[in-house]
Every structure is written in structure tokens, then in C-alpha cells.
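> return atomic coordinates for the entry below.
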Amino acid sequence: MKIAEIFKSLQGEGVRQGTPCIFIRLAGCNLACRWCDTQYARSGGTETSCDKILEEIWKENPRSVCITGGEPLLQTDVLLPLLASLHKRGITIDIETNGTIDFSPVQPFAAVCMDVKCPSSGERSDLSLLARIRPTDSVKFVVGDLADCRYAQEVLARHAIAGECFLSPVYGTDCDTIVRFILDNNLPVRFQLQLHKILGVK
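The predicted structure is shown next:
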């Protein structure tokens, strides 16, 4: 599969924020979000075998692995054997996806975090996929302004989402406005800053 990088860090967002994690960042993406912070992973990458990836991961003896991108589900077919091997070892697996590709094939092995694209991103997710979110999965709205907040509010009102939902500001955005919107509208979300950006780590 095409790999952009593999690294160890603290999980910066989501339900496991703050925990040590091995990140496998796959290369290639089918979107071009305006505020993308990993543009280097949108193309390119190094072709790497499943065995080679596992060899590198076993050295770290991780409790948690996060598969991210780019958009990792563009490589679902070759990703599944890797997920099966990690799952067999009892490793907690999270997959971050932009919500444009069916993630059902990976759910037996991993928790899914679906990033619902808001208007400021310039892209759209497939909202029908929200029906496939389980209590162990999660949904993230990255918001840059009040229009994004209102869009997230509409999505939450129209879809019964089984997993936890997060509202996360685009890095550098005025957080006070977003927090006030959450409070004024009693949104069923958890406000979350990107910890890795605050700490200055990957």
C-alpha cells in the first residue's frame, strides 16, 4: 500500500485524545479540503508491503494504532490484511475517514471516525454513511465559522448518530464564537481542540 509516513505520537483528537499511538498515514486522497493540514499526503507515498509495515509496528509494541491519510479507505482492499493482523494481536485500531467511502468493510477490526466535511472545507461527505456509525465509532465536524456550526447543527438534527460527536475548530479559528454557539444551541457534541497542534507535535 502507499504509505506517506509511520510515526509515534500522542493521539491529538477523538475519543482517545492524549493517549500514545502509532500512526500509519496512507497516501492519496479523493478530496481537496481548503484547510487540509496534511497536503503532503494527498499524493505520492512509498509502496510498502503489509509485512514491512507490521515489522515496523511490532518494534514499538503499541496498544493503539491509528490509520489516517490522505483518505485511507481508497486502499481498503490492501488495508484489510493489515487490520486483521493488528486486530488479532489485540491492538486498538482507529481509522480516520472523510466520509465519502463505505467504511463497513473495516468495522469488524476498527473504530471509525468519520470527518463530516463542512461548507468552509469546499467539500462534502456522504451523509448516508452516518447511519452506519456504531456506538464505538465517532463523528467529527471541523468548523471554521458560524456557517459551519449551523451546518453541523442541521446534520445532527436530521441524523440519528449512534457514536460520540465532536466539534473541532479549524486551527487558529476564534474558539469563543464556536463555544458560544454550542452552549446557546445545546448541541449534543464535545468541543475539542487539536492537542497535537497545541503541543507542537505530529
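
> residues contacting the helix or strand hosting residue 53, please?
Assigned by DSSP states H and E, residue 53 falls within helix 50-60. By Cβ atoms under 8 Å, 6 or more residues apart in numbering, the residues outside helix 50-60 that reach it are 1, 3, 6, 8, 22, 24, 65, 78, 81, 82, 85, 86. Every residue, glycine included, has its C-beta placed from N, CA and C.

> filter the residues you listed down to the buried ones.
With neighbours counted by 16 or more other Cβ atoms under 10 Å, the contacts of helix 50-60 contain buried members at 1, 3, 6, 22, 24, 65, 82, 85, 86.

> ok, residue 142 touching residue 118?
Yes - the criterion here is Cβ atoms under 8 Å, and residue 142 meets it with residue 118 at 6.5 Å.

> any common contacting residues for these two?
Listed as contacting both residue 142 and residue 118 by Cβ under 8 Å, 6+ apart are residue 148.

> quick one, helices of this structure?
Assigned by DSSP state H, the helices in the chain fall at 50-60, 76-88, 146-158, 175-185, 195-199.

> residues near residue 117, how many?
Look at residue 117: counted by other Cβ atoms under 10 Å, it has 22 neighbours.

> ok, residue 107 next?
Neighbour tally, residue 107, other Cβ under 10 Å: 17.

> same thing with residue 118?
Neighbours around residue 118, by other Cβ under 10 Å: 26.

> if you drop the residues flanking it in sequence, what lies closest to it?
residue 148 (3.8 Å; Cβ to Cβ, 6 or more residues apart in numbering).

> tell me which residues touch that neighbour, please.
For residue 148, the contacting residues are 118, 119, 120, 141, 142, by Cβ under 8 Å, 6+ apart.
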